[in-house]
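Student: the sequence isn't on hand, but the structure is:
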């Protein structure tokens, strides 16, 4: 069905989108240079053969179905200011901004912004024009998130207000004001304070390792510095035991994709797990791939309780809570042991794939495997 002239147009955008239909309307024309594509102003000396007219569009919104998009255009044509300014909510504007910014909603940035949006539950139904600085500050203060997460949240606010200015929903002065959101008091008061294993605790694991084969998993974590998710998802095809290294091909951060040295003292544990009939190194007693929750609840916690490295806290009306050493504590322990042996900080970050690793270290510094092996064998 052809829409009337001047009504606007609806198009279906490529890629995987939640709201694939875009409704937009021409709001003007500009003149651009044929070669550069840059906008030009006409004057008496302009060579008209070298320029062309280009439409300027206003995106009314993104929608699940074509009929919804056409209806939005009809509503906009009836009362354009109402659609753009007075009634749009925080949630609606976020949807429009998100779908304009991300064609692929599965990439890490898109997933991260979705998580930050969930923190805005208290303001999502407010009209965007009614939101004030104290509302955004409330979201930050009640989020219980640490600074890296809050930096991303503030970035999302800034991008949304940039979008709102572009579409004449709020003035630039309001967008500038919203940049004053304070994230200096970041921190989760309920976060568990992770601590490394003590030397005596590590010694006790070595002494009791033959009592439960899954204690060798703890030792692999302690002497490799890998995240538990990286170890549980480690496939045998990525292990090169003869050369004493394995490859982490999937990690939570770009710097986590790395070659990890295998310390001599844990080679026997790799040999055992490699002999099991499973695609992955670490497996269940039935030789199946471990899911994190299964491993943590059914193996890690019972081992830590047996070793007296943790305890169960009973809570009135709530599920009992485990407090004690976690798999991430093993990662901290590896880093601490390497630092105690005076291993260069850049080498440590190269081994553990630390998210604090700087761009210069990631891009321009490559540590050969022998250097990593020497470092890991010191602990």
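Tutor: Noted; the coordinates are in hand. Predicted model, so just to flag it, every value in this text is computed and none were measured.
Student: quick one: low-confidence ranges for this protein?
Tutor: Where the chain drops to pLDDT under 70, the residues are 1, 44, 79-86, 103-108, 186-194, 251-255, 354-367.
Student: longest helix of it, counting residues only.
Tutor: Longest helix of the chain, by residue count under DSSP state H: helix 147-166.
Student: for the helix or strand that comes right after that one, name the packing helices and strands.
Tutor: Going down the chain from helix 147-166, the next helix or strand is helix 172-178, by DSSP states H and E. Helix 172-178 is packed against helix 133-142, helix 147-166, with contacts defined by 3 or more CB pairs under 8 Å, 6 or more residues apart in numbering; DSSP states H and E. Where you see a C-beta, it was placed from the backbone N, CA and C, and this is true even at glycine.
Student: what does the shortest one rub up against?
Tutor: Contacts of helix 133-142 with the rest of the structure, by CB atoms under 8 Å, 6 or more residues apart in numbering, involve 119-120, 122-123, 126, 150, 153-154, 157, 177-178, 180-183, 185.
Student: hmm, back to that, helices and strands around the longest helix of the chain, which ones?
Tutor: helix 90-101, helix 108-117, helix 133-142, helix 172-178.
Student: mind listing residues that contact that helix?
Tutor: So helix 147-166 is contacted by 93-94, 96-97, 100-101, 112-113, 116-117, 119, 128, 136, 139-140, 143, 145, 170-172, 174-175, 178-179, 181, 183, 186-187 (CB under 8 Å, 6+ apart).
Student: returning to what we had before: out of the helices and strands packed on helix 147-166, nearest to residue 304?
Tutor: helix 108-117 (28.7 Å; CB to CB).
Student: just want the most central residue of the chain.
Tutor: Of all residues in the chain, the one closest to the mean position by CA atoms, centre = their mean is residue 112, 4.3 Å from it.
Student: so who does it touch?
Tutor: Shown in contact with residue 112 (CB under 8 Å, 6+ apart): residue 152.
Student: look up how far residue 16 lies from it.
Tutor: 17 Å (CB to CB, to the nearest Å).
Student: chain neighbours aside, what residue packs nearest to residue 88?
Tutor: Nearest non-adjacent residue to residue 88, counting by CB to CB, 6 or more residues apart in numbering: residue 128, 5.3 Å away.
Student: next: residue 101.
Tutor: residue 159 (7.3 Å).
Student: repeat for residue 341
Tutor: Sequence neighbours aside, residue 378 is the residue nearest to residue 341 in space, at 4.2 Å (criterion: CB to CB, 6+ apart).
Student: that neighbour: what's it in contact with?
Tutor: 338, 341, 343.
Student: next, residue 182: secondary structure please.
Tutor: Classification of residue 182 by DSSP: H, G, I helix; E, B strand; the rest coil places it in coil.
Student: what's the separation between the nearest residue to it once chain neighbours are set aside and residue 88?
Tutor: On the basis of CB to CB, 6+ apart, the spatially nearest residue to residue 182 that is not a chain neighbour turns out to be residue 137, at 6.5 Å. Distance of residue 137 to residue 88, given as CB to CB: 22 Å.
Student: among the two, which residue is more densely surrounded?
Tutor: More neighbours surround residue 88 than the other of residue 137 and residue 88, with 20 against 15 (other CB atoms under 10 Å).
Student: what about the closest residue to residue 284 other than its chain neighbours, how many neighbours?
Tutor: In space, and not counting its chain neighbours, residue 284 is closest to residue 290: 5.9 Å by CB to CB, 6+ apart. Residue 290 is flanked by 21 other residues according to other CB under 10 Å.
Student: can you check residue 231 too?
Tutor: Here the number of neighbours of residue 231 (other CB under 10 Å) works out to 22.
Student: quick one: buried ones out of the contacts of helix 133-142?
Tutor: For these, a burial check counting by 16 or more other CB atoms under 10 Å picks out 119-120, 123, 150, 153-154, 157, 178, 181, 183.
Student: tell me the one of these nearest residue 315?
Tutor: Using CB to CB, the buried ones among the contacts of helix 133-142 come closest to residue 315 at residue 119, 24.8 Å.
Student: please name the nearest non-neighbouring residue to that closest one.
Tutor: residue 143 (4.9 Å).
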